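> fold the following for me, if possible:
(4 chains)
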Number of protein chains: 2
Amino acid sequence: MVKEDNTQQKILDAARSVFMKKGLAGARMQEIADEAGINKALLHYYFRTKDKLYYAIIEEAFQTILPLVSDVFNSSETLEMKLNRLASKYVDLLEEHRYLPLFVLNELQMNPGRISEFINLKKFLNIPNLKKQVQTEYGLEFINEGMLMHAFINFLSNMIFPFIARPIIQFNLGISDEIYREFLMTRKVLVPRIFISTLKSMNEYAKNIK
Amino acid sequence: MVKEDNTQQKILDAARSVFMKKGLAGARMQEIADEAGINKALLHYYFRTKDKLYYAIIEEAFQTILPLVSDVFNSSETLEMKLNRLASKYVDLLEEHRYLPLFVLNELQMNPGRISEFINLKKFLNIPNLKKQVQTEYGLEFINEGMLMHAFINFLSNMIFPFIARPIIQFNLGISDEIYREFLMTRKVLVPRIFISTLKSMNEYAKNIK
DNA sequence: GTCTATATAGGGATAGAC
DNA sequence: GTCTATCCCTATATAGAC
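Numbers count the residues shown, from 1 in each chain, chains lettered A, B, ... in the order given. The predicted model follows:
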């Protein structure tokens, strides 16, 4: 009991690191053991199978992301505040956990059903409520739910994709870690602003069509 | 020599399908052989190792994407036409090859260097030229290269991310293939329009700061 | 070119001592 | 709880017949 938490934590840290870089099939139990400074048998003592260890990490990953989103969306702030807070938190989170987004997206691609227990998009993406806020706080009365869907997906895309595509962008354009980091930090304020300006533009467009 | 092209093609088709779904480590030579309707030994006869077969598929994937982008960017069309054509082609391509984007992004994450021979972002992302077109065709004189970089990354994000995140969005929001397909098709015209409206908004913002 | 059969290694998992 | 040794299956790769 003395070292239990400690060893378990070391295993989880090592497993997270290896699984995020290599995925389930690519990861080696030996490599995880090495990185944790223990031997293979002990991995199986704590987590009976590779699969179980993997899903401990998957669950942990989702529990890292979700409270953050949930917290913002269940607040009673103005839309502007919500967006700014969400963008800011996202950038910090993904900057710290560089492999997280691709890891999560891969798991969702491989196994969309298994993850449903963790994620409930509907809970966060309350379109009717979003619509109300857009109307009362910005007076955009021609915005419909379809437009909001597009705008929200764009918001997510703009937040997450620059992290996923980071290797190729940085490598190919010869951008240093430092510069790319600044680029990402700028987006904390830029992306929410673009979300609003996009909605305004959509609203104008819809008004003129009518 | 009689069946060579035929068998080789069957192998490539099968390998593409399996590698895209499972990745390098997750794919099984047996599964590829089965899907190609041949046996394992023949795989090794045509492509000596799993690795070589994998990189044949990787190369093919990049050769599918790049001419498309290159073609658009080396044309002398207006910016609006370029964007519309690029968006339209992208959507059709990714709709047809559902696993392509995540497959490519994974490879780039795993092995950013190895791929550099295929991709030359600098060639496409000619920021000075883009800036000139923005100024002459839309009169946006306050747009600088940093803003263009953000706008272009947003454009890419908005095009690609909805395909990557498709499983979770569809599954979780209970959206049918049919409806999500319509959603994506709409973006052929929507995303270019948002690119321009974003630049206009940035231009206003920059003007007022000055 | 294509097959069956097999060599060889790698890696997940367990037994058992301490 | 932690280790060493080992089991055993799976998967890549090759040999060799046709």
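> surely A:Leu68 is in contact with A:Ala87?
No. If you go by C-beta atoms under 8 Å, A:Leu68 and A:Ala87 don't touch, sitting 11.3 Å apart. C-betas here are computed from N, CA, C, even on glycine.
> kindly indicate whether A:Met202 is helix, strand or coil.
Of the three states, A:Met202 takes helix under DSSP: H, G, I helix; E, B strand; the rest coil.
> in chain A, which spans are helices?
Along chain A, the segments classed as helices by DSSP state H run A:4-26, A:29-36, A:40-46, A:50-73, A:79-96, A:100-110, A:121-124, A:127-138, A:145-164, A:166-173, A:177-209.
> kindly reformat those helices as a markdown table containing mean neighbour count, mean pLDDT and distance to DNA strand D.
Converted to a markdown table, the helices of chain A look like this (neighbours: other C-beta atoms under 10 Å in any protein chain shown; pLDDT from 0 to 100; distance: least, C-beta to the nearest atom of the strand, whole Å):
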| stretch | mean neighbour count | mean pLDDT | distance to DNA strand D |
| --- | --- | --- | --- |
| helix A:4-26 | 17 | 94 | 4 |
| helix A:29-36 | 18 | 98 | 8 |
| helix A:40-46 | 15 | 98 | 3 |
| helix A:50-73 | 16 | 92 | 13 |
| helix A:79-96 | 17 | 96 | 28 |
| helix A:100-110 | 22 | 95 | 15 |
| helix A:121-124 | 14 | 79 | 33 |
| helix A:127-138 | 14 | 95 | 43 |
| helix A:145-164 | 21 | 97 | 26 |
| helix A:166-173 | 19 | 91 | 25 |
| helix A:177-209 | 17 | 97 | 34 |
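> for whichever residue of chain A sits closest to DNA strand C, list the residues it contacts.
Scanning chain A for proximity to DNA strand C using C-beta to the nearest atom of the strand identifies A:Met29 as nearest, at 3.1 Å. By C-beta atoms under 8 Å, 6 or more residues apart in numbering or on different chains, the contact set of A:Met29 is A:Lys40, A:Leu43, A:His44, A:Lys50.
> how does chain A divide into domains?
What automatic domain parsing lists as the domains of chain A is A:1-48, A:58-208.
> can you put those in JSON lines and add distance to B:Glu182?
Formatted as JSON lines, the domains of chain A follow (distance: least, C-beta to C-beta, whole Å):
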{"stretch": "domain A:1-48", "distance to B:Glu182": "32"}
{"stretch": "domain A:58-208", "distance to B:Glu182": "10"}
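> contacting residues around the closest residue to A:Met20 other than its chain neighbours?
Nearest residue to A:Met20, sequence neighbours excluded (C-beta to C-beta, 6 or more residues apart in numbering or on different chains): A:Tyr99, at 3.6 Å. Shown in contact with A:Tyr99 (C-beta under 8 Å, 6+ apart): A:Met20, A:Lys21, B:Gln109.
> check the gap between the residue nearest to the second one when sequence neighbours are not counted and A:Ile168 for me.
Taking C-beta to C-beta, 6+ apart as the measure, A:Lys21 lies nearest to A:Tyr99, with 6.0 Å between them; neighbours along the chain are not counted. Distance of A:Tyr99 to A:Ile168, given as C-beta to C-beta, to the nearest Å: 15 Å.
> do A:Lys207 as well
40 Å.
> with A:Glu60 instead?
27 Å.
> would you agree A:Ser197 is in contact with B:Ser197?
Yes. A:Ser197 lies in contact with B:Ser197 (C-beta under 8 Å); the separation is 7.0 Å.
> for the nearest residue to A:Phe62 once chain neighbours are set aside, give me the pLDDT.
The spatially closest residue to A:Phe62, leaving aside those adjacent along the chain, is A:Phe118, at 4.1 Å (C-beta to C-beta, 6+ apart). pLDDT for A:Phe118: 75.
> do I have it right that A:Phe118 meets A:Glu59?
Yes. Look at A:Phe118 against A:Glu59 with C-beta under 8 Å: they come within range, at 6.8 Å.
> so A:Leu121 sits right up against B:Ala165, yeah?
No. Under the criterion of C-beta under 8 Å, A:Leu121 makes no contact with B:Ala165, lying 10.0 Å away.
> can you list the residues that contact stretch A:6-18?
Outside stretch A:6-18, the residues that reach it (C-beta under 8 Å, 6+ apart) are A:27-28, A:31-38, A:42-43, A:46-47, A:53-54, A:56-57, A:60-61.
> repeat that for 6 Å
A:Ala27, A:Glu31, A:Ile32, A:Glu35, A:Ala36, A:Tyr46, A:Leu53, A:Ile57 (C-beta atoms under 6 Å, 6 or more residues apart in numbering or on different chains).
> repeat for stretch A:131-150
Here stretch A:131-150 has contacts from A:Thr78, A:Leu79, A:Ile127, A:Leu130, A:Leu199, A:Met202, A:Asn203, A:Ala206, A:Lys207, using C-beta under 6 Å, 6+ apart.
> so how far is chain B from the fifth one?
Just to be clear, that refers to A:Leu199. Distance of A:Leu199 to chain B, computed by C-beta to the nearest C-beta, to the nearest Å: 10 Å.
> show me the contacts for that residue.
Applying C-beta under 6 Å, 6+ apart, the residues near A:Leu199 are A:Leu140, A:Ile143, A:Ala151.
> quick one, what contacts the last one?
Meaning A:Ala151. A:Phe195, A:Thr198, A:Leu199.
> what about the residue nearest to A:Phe62, distance to A:Leu83?
A:Phe118 is 24 Å from A:Leu83, by C-beta to C-beta.
> tell me which parts of chain A are close to DNA strand C?
Residues of chain A lying near DNA strand C by C-beta under 7 Å from any atom of the strand: A:Ala27, A:Arg28, A:Met29, A:Gln30, A:Lys40, A:Ala41, A:His44, A:Arg48, A:Thr49, A:Lys50, A:Asp51.
> from these, pick the one nearest A:Leu105.
Proximity of the residues of chain A next to DNA strand C to A:Leu105 (C-beta to C-beta) peaks at A:Ala27, which lies at 17.0 Å.
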